[in-house]
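Next input, structure requested:
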Amino acid sequence: MFKFLKSKRKSILTVLLEIVIVFIGISISLWIDDWNQNRKDRKDEKTYLKSLYFDISMDVQDLSNRHFDSIEIFENIQKVLLFLNYPDSVDVSADYFQHVMGRSQMLNNFSPTDYTFQEMTSTGKLSLIKDAELRKKLTMYYSIVRRLTEDKESNNSTTRQLLFEGVADHFHIARLFSFGQVGTIHPEDTLDLELFRDRESKAFVVIQNYLLLRHAMLRQQAQSYERILLPLISLKNEIASKIGIPLVEDFIDEMKSGKSAREVYDQYKENTEFRYVKFEFNNMVYTLIEKGSVEIAIDIALLNVELVDHDSNLFDTLGDAYMANGNKEKAIESYKKAVEMNVFQIETREKLKELEK
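Got it, this is the predicted structure:
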């Protein structure tokens, strides 16, 4: 009897030991699975963050171009409005007037590069981003720009229709301004600005009302884009920091150690996934000027005009950098280049006129 109980007790201990071993084995297996899954999730998170960084970099580039375009058209409309109301105060040619009217249509809608974000939300992968605050910022950004685009499209259609209906039925200007189908322009279609100087005429009233609306809309658009741009750059840099991509500040620090802007750019381009963003670098020129680092500012401005072909704003900035350094000859050269690229750069023309006196 005693031997029987002893043998039973051994078998019970053996069974308990086996259960403990199995439990430990399962726990270790689950822990390894969790560890592997967590490792995979972090790898996937980095991949998605990298894609978001590239998408947002493209958005910053696109938004900044639209921001500058809005300001340029806004300023030119301002000049035409001044001409309509005080014709002797400004010099406006028929070509200039026609160009501004054509450009005034360009209230283009901004569409974000949201492929990565859409994929993450549709597949539930947005939860891979561990930082809840970052997820919130991304969601807010894409919802805001979508709503902004819808509002702009509605307003754009309304004011275009106003000009088309108000002018096309009374004058032949619709063809000249590229509304509707553009046909052959006959000699009698030459634009006569006297048509718009009669403040009692329908042409004057319709054109002025149209331009006033466009003027207000473009100012609002420029402000909206600027409000989006600054936090968006901050968001881009936050993502870059998380995945180890250098920031513009790192770029400047490298230059302060004695390297040229071109050397740092080539180094970053070859060894990192750093993305050059024109708006950021253009702003950095003015930041450096304010801080007294004018030589570095000029070097950055020169890199800008080298990397971005045919951008009058960047040559204007280069001229400002040379002026900050007291180099009027180089400033005039840069301003002239800006005006050659875009004869409707009002601010640049004024700076050039002052320097050439």
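
What's the mean pLDDT across stretch 204-224?
Computed over stretch 204-224, the mean pLDDT rounds to 83.

no wait, stretch 298-317
The average pLDDT for stretch 298-317 rounds to 93.

Could you do stretch 259-267 as well?
94.

What are the buried residues along it?
Judged by neighbour count (16 or more other C-beta atoms under 10 Å), stretch 259-267 contains these buried residues: K259, A261, V264, Y265. For the C-beta atoms, the positions are set from N, CA and C on the backbone; glycine is no exception.

Now the two most distant members of those residues.
K259 and Y265 (9.6 Å; C-beta to C-beta).

List the residue ranges of the stretch 51-200 of the chain that fall below the pLDDT cut-off.
Applying pLDDT under 70 to the stretch 51-200 of the chain flags the ranges 106-108, 149-192, 195-196.

related to what we said a few turns ago, any chance of the buried residues of stretch 259-267 in CSV with secondary structure as columns?
Below are the buried residues of stretch 259-267 laid out as CSV (DSSP: H, G, I helix; E, B strand; the rest coil):
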residue, secondary structure
K259, coil
A261, helix
V264, helix
Y265, helix
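
CA-only coordinates of stretch 43-50, as CSV, when you get a sec.
What follows is stretch 43-50 as a C-alpha-only set of coordinates in CSV (Å, rounded to 0.1, in the frame of the first residue of the first chain):
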residue,chain,number,x,y,z
LYS,A,43,10.1,47.8,-39.1
ASP,A,44,6.8,48.4,-40.8
GLU,A,45,6.3,51.6,-38.8
LYS,A,46,9.6,53.0,-40.0
THR,A,47,8.8,52.0,-43.6
TYR,A,48,5.4,53.9,-43.4
LEU,A,49,6.9,56.9,-41.6
LYS,A,50,9.5,57.1,-44.4
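
Identify each buried residue in that stretch, please.
Buried residues in stretch 43-50 (16+ other C-beta under 10 Å): E45, Y48, L49, K50.

ok, how many other residues are close to N282?
Using other C-beta atoms under 10 Å, the number of residues around N282 comes to 21.

Who's the closest spatial neighbour of K259, skipping the chain neighbours?
Distance criterion C-beta to C-beta, 6 or more residues apart in numbering; nearest residue to K259, sequence neighbours excluded, is Q267 at 7.7 Å.

can you give me the offset of whatever helix or strand that neighbour lives in from its chain's centre?
Using DSSP states H and E, Q267 maps to helix 261-271. Helix 261-271 has its average C-alpha position 22 Å from the chain's average C-alpha position, going by C-alpha atoms, centre = their mean, to the nearest Å.

immediately after that helix, which helix or strand?
Per DSSP H and E, the first helix or strand lying C-terminal to helix 261-271 is helix 278-290.

Packing partners of that following helix?
Here helix 278-290 touches helix 2-85, helix 202-243, helix 248-256, helix 294-307, helix 312-324, going by 3 or more C-beta pairs under 8 Å, 6 or more residues apart in numbering; DSSP states H and E.

and that helix, which residues are buried?
By neighbour count on 16+ other C-beta under 10 Å, the buried set for helix 278-290 is K278, F279, E280, F281, N282, N283, M284, V285, L288, I289.

Number of residues surrounding the residue nearest to E72 when sequence neighbours are not counted?
Sequence neighbours aside, F344 is the residue nearest to E72 in space, at 6.6 Å (criterion: C-beta to C-beta, 6+ apart). By the criterion of other C-beta under 10 Å, F344 has 17 neighbours.

what do you get for R349?
Neighbour number of R349 under other C-beta under 10 Å is 15.

now do M140
12.

State the distance from it to N327.
Computed as C-beta to C-beta, to the nearest Å, the M140 to N327 distance reads 44 Å.

now swap in Y225 and tell me
With the distance defined as C-beta to C-beta, Y225 ends up 32 Å from N327.

Then D44?
Counting by C-beta to C-beta - D44 and N327 are separated by 51 Å.

Same list (the buried residues of helix 278-290) but as CSV, adding distance to E254 and pLDDT.
Shown next, in CSV, are those (distance: C-beta to C-beta, whole Å; pLDDT from 0 to 100):
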residue, distance to E254, pLDDT
K278, 19, 91
F279, 20, 90
E280, 15, 92
F281, 14, 94
N282, 19, 93
N283, 18, 92
M284, 13, 94
V285, 16, 96
L288, 14, 95
I289, 19, 96
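
Please convert these to TSV, extending it with distance to I129.
Output for the buried residues of helix 278-290, formatted as TSV (distance: C-beta to C-beta, whole Å):
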residue	distance to I129
K278	27
F279	25
E280	23
F281	28
N282	30
N283	27
M284	28
V285	33
L288	33
I289	37
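
The residue nearest to Y265 when sequence neighbours are not counted: how many residues sit nearby?
Spatially, and ignoring its direct neighbours in sequence, Y265 is nearest to L303 (6.2 Å; C-beta to C-beta, 6+ apart). For L303, the count of nearby residues is 21 (other C-beta under 10 Å).
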